[in-house]
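Colleague: Below is the structure, and that's it, no one-letter string:
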């Protein structure tokens, strides 16, 4: 079994199966009387489930030579990881005093409950906006996403390049599926890079930022109570 397959399988086995609010309250009753920390945890675990699922399916499609579908799923996985990166960035902003807690709480509601079809009361953030923020932490992530979008959309690469060759001397267009020849040598590397990004943000950055957030909330609880509803 490839290392990537083993890592995705291990990730699947370690996914959170249950989140008990009582346990969070026992951990820090002051911090967890507020909704934002719970939303943060909920979002983190939802991102983990979705990322693992998308990357596993992307690998399966690639192994079956469905490279275009594999790239489209990888694009979705990168969008998903970007949400976690953005969550961690905004958490750090609260701790640094650069973002008000109540504003942060609103952001967690949008990230967790946002929609574009009005099925919820919150309008989701533009993923382009989120990726722009993420690019400050990981320069180049916007560029990678843009390249994946070129495959996903029915534009020049997504249609003409992906399915045809032009002989300009003979004035002949030959049609064929070119996705494997175009990206077969790099796709799994990109999947692994996406997983590495997720792994670092999930296992390292989020726990550290979250613990600091809990302490910060407990320390500033009186101020938060006094300003509640005024943000």
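Modeller: Thanks, I have the structure now. Please read all numbers here as calculations on a predicted model, not as lab measurements. Numbers count the residues shown, from 1 in each chain.
Colleague: The nearest residue to residue 61 once chain neighbours are set aside: what's it in contact with?
Modeller: Ranked by Cβ to Cβ, 6 or more residues apart in numbering and with sequence neighbours excluded, the top spatial neighbour of residue 61 is residue 70, at 4.1 Å. C-beta: built from backbone N, CA, C; applies to glycine. For residue 70, the contacting residues are 58-59, 61-62, 187, by Cβ atoms under 8 Å, 6 or more residues apart in numbering.
Colleague: can you rerun that using 6 Å?
Modeller: Under the criterion of Cβ atoms under 6 Å, 6 or more residues apart in numbering, the contact list for residue 70 reads 58, 61-62, 187.
Colleague: Confirm for me that residue 151 is in contact with residue 71.
Modeller: Yes - in this structure, residue 151 sits in contact with residue 71. The criterion is Cβ atoms under 6 Å, and the distance is 4.5 Å.
Colleague: For those two, indicate the residue with more neighbours.
Modeller: When neighbours are counted by other Cβ atoms under 10 Å, residue 71 comes out ahead of the other of residue 151 and residue 71, with 27 against 22.
Colleague: That one and residue 166, how far apart?
Modeller: Distance check for residue 71 against residue 166: by Cβ to Cβ, to the nearest Å, it reads 22 Å.
Colleague: would you list every one of the helices in the chain?
Modeller: Remark: helices assigned in the chain by DSSP state H are 3-14, 21-27, 35-63, 67-95, 101-113, 127-137, 141-152, 162-163, 179-183, 187-200, 206-219, 221-227.
Colleague: Output the contacting helices and strands for the third one.
Modeller: Using 3 or more Cβ pairs under 6 Å, 6 or more residues apart in numbering; DSSP states H and E, the elements in contact with helix 35-63 are helix 3-14, helix 67-95, helix 101-113, helix 187-200.
Colleague: Tell me which of those sits most buried.
Modeller: Among the helices and strands packed on helix 35-63, the stretch with the highest mean neighbour count (mean count of other Cβ atoms under 10 Å) is helix 67-95, at a mean of 23.
Colleague: For residue 141, see how far away the residue nearest to residue 61 is.
Modeller: With distances taken as Cβ to Cβ, residue 70 is found 19 Å from residue 141.
Colleague: Next: residue 25.
Modeller: As for residue 25, its distance to residue 141 is 36 Å (criterion: Cβ to Cβ).
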